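Engineer: Quick check, what structure comes out for this input:
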Amino acid sequence: MVRIAPLPDSLVLTPFTVYESRALGVPPKRLRARDLSDGGRLIYLPAGRHLEIVEHARVLAAATPGAWVSHETAAVLTLLGLPPWLGECSTIHLSKQHELPRVRRAGVTGHRVRSNPGELTDVDGIPVTAPPRTWLDLAADLPLNYLIALGDQIIRMPRPGFEQRSQPYAHKEGLRLLIRQHPNMKGVEKARLALDEMRVGADSFPETFLRLALLDARLPEPELQLRLDPEDPRSPAADLGYRRYRIAVQYDGAPHLTREQQSRDNRRDEAFRHAGWAYFKVNADDLAEGFEGVIARIKWVRPGRP
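Structural biologist: Numbering: from 1, shown residues only. Predicted coordinates for the structure are as follows:
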């Protein structure tokens, strides 16, 4: 029986490039052993193993000098939200500077773009477009409401207790400058429209959709992260509402299903109701119907309704 020499530990369970194997002294003959499979030009995979998106993106970027992960794949790697019909990453999106050849290989959607310094970041060693540039790259393909919602996630203030950052990915003026630097990109006009409608304060896509639905229903612009006592930073806050009319609205998504979060939510709900506010809680069922029911109820309690 022919004995297969063990691979270096760093290559045993992960896809790798021929460059990585050479750097570790792996003989070319070893790459033809049955515990490895051909992953395409310059790439080898552990035989029979399903690759996660981040692994697939890493090895494809490493095998493609001058390329970086972009578009839909970048949104997944940087944990930005995407519409339900995107995010499966059946192909990995790789971009190169416009003067270089487009990436052409199986499993890759290649792009030739103009990229400026500061528009790329790093995710676990993988070169990836930073969230502001990913937002602009996706402008051509996303519907306007999703582009607004994605933009809201880029300019919102993060929650330090849950995220490894304390500043937003960008401010609106920074995005405005980014748009000016790429005047001929496909989708740039839609990005300008989205930027005008973006607001700081939505912590999720559904919260943005709720705000847009209220505006489409000809209700006033709501206040976001509406604190019961605006002078007290520890005061309970609803997702949005109308202080003038004492109306608060809260969207309860999946993060609100934990026992600890439900306890906090109950205290917040009681505080608004005891203060005499009209308080509405909505969820995915309301989102599915375009928030028609809650909008009708808000119009009913709002003074001066038509």
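Engineer: what's near enough to touch D229?
Structural biologist: Taking C-beta atoms under 8 Å, 6 or more residues apart in numbering, we find D229 in contact with S235. Bear in mind the C-beta positions are built from the backbone N, C-alpha and C, glycine included.
Engineer: Name the SS class of it, please.
Structural biologist: Three-state call for D229 (DSSP: H, G, I helix; E, B strand; the rest coil): coil.
Engineer: residues near A296, how many?
Structural biologist: A296 is flanked by 10 other residues according to other C-beta atoms under 10 Å.
Engineer: What of the one 5 residues further on?
Structural biologist: By the criterion of other C-beta under 10 Å, V301 has 13 neighbours.
Engineer: Can you classify the residue nearest to T91 when sequence neighbours are not counted by secondary structure?
Structural biologist: The shortest distance from T91 to any residue other than its chain neighbours is 4.6 Å, reached at T109 (C-beta to C-beta, 6 or more residues apart in numbering). What three-state DSSP gives for T109 is strand.
Engineer: Any idea how far apart the tips of stretch 70-88 sit?
Structural biologist: Terminal residues of stretch 70-88 are spaced 14 Å apart (C-alpha to C-alpha, to the nearest Å).
Engineer: now the helices for this structure?
Structural biologist: Defined through DSSP state H, the helices belonging to the chain, from first to last, are 9-12, 18-23, 53-62, 71-77, 131-137, 144-155, 172-181, 188-197, 205-216, 259-274, 284-288, 292-301.
Engineer: Show me what counts as buried in the helix or strand bottoming out on mean pLDDT in the chain.
Structural biologist: Lowest on mean pLDDT, DSSP states H and E among the helices and strands of the chain sits helix 259-274, with a mean of 83. Of the residues in helix 259-274, 265, 268-269, 271-272 count as buried by neighbour count, 16 or more other C-beta atoms under 10 Å.
Engineer: Tell me the one of those residues nearest E20?
Structural biologist: Of all the buried residues of helix 259-274, D265 has the smallest distance to E20: 48.2 Å, by C-beta to C-beta.
Engineer: Just confirm that closest one contacts D252, I think it does.
Structural biologist: Yes: with contacts defined as C-beta atoms under 8 Å, D265 counts as touching D252 at a distance of 7.1 Å.
Engineer: Could you find the closest non-adjacent residue to P46?
Structural biologist: Once its chain neighbours are removed from consideration, P46 has its nearest residue in L13; the separation is 6.0 Å (C-beta to C-beta, 6+ apart).
Engineer: Check the gap between that neighbour and L24 for me.
Structural biologist: In this structure, L13 lies at 15 Å from L24, with C-beta to C-beta, to the nearest Å as the measure.
Engineer: who has more neighbours, the two?
Structural biologist: The neighbour count for L13 versus L24, taken as other C-beta under 10 Å, is higher for L24 (13 against 10).
Engineer: which residues sit in contact with the more buried one?
Structural biologist: Applying C-beta under 8 Å, 6+ apart, one finds that L24 lies in contact with 8, 10-11.
Engineer: With G39 instead?
Structural biologist: Applying C-beta under 8 Å, 6+ apart, the residues near G39 are 15, 45, 59.
Engineer: ok, of these, which come out buried?
Structural biologist: Among those, those that count as buried by neighbour count (16+ other C-beta under 10 Å) are 15, 45, 59.
Engineer: Quick check: closest non-adjacent residue to the last one.
Structural biologist: It refers to V59. Spatially, and ignoring its direct neighbours in sequence, V59 is nearest to P15 (4.0 Å; C-beta to C-beta, 6+ apart).
Engineer: right, and that neighbour touches A47 too?
Structural biologist: No: between P15 and A47 there is no contact, the gap being 11.2 Å when judged by C-beta under 8 Å.
Engineer: shared neighbours of the two, anything?
Structural biologist: Residues touching both P15 and A47 by C-beta under 8 Å, 6+ apart: none at all.
Engineer: gap between Y251 and S95?
Structural biologist: Counting by C-beta to C-beta, the gap from Y251 to S95 is 34 Å.
Engineer: One more: P131?
Structural biologist: With distances taken as C-beta to C-beta, P131 is found 15 Å from S95.
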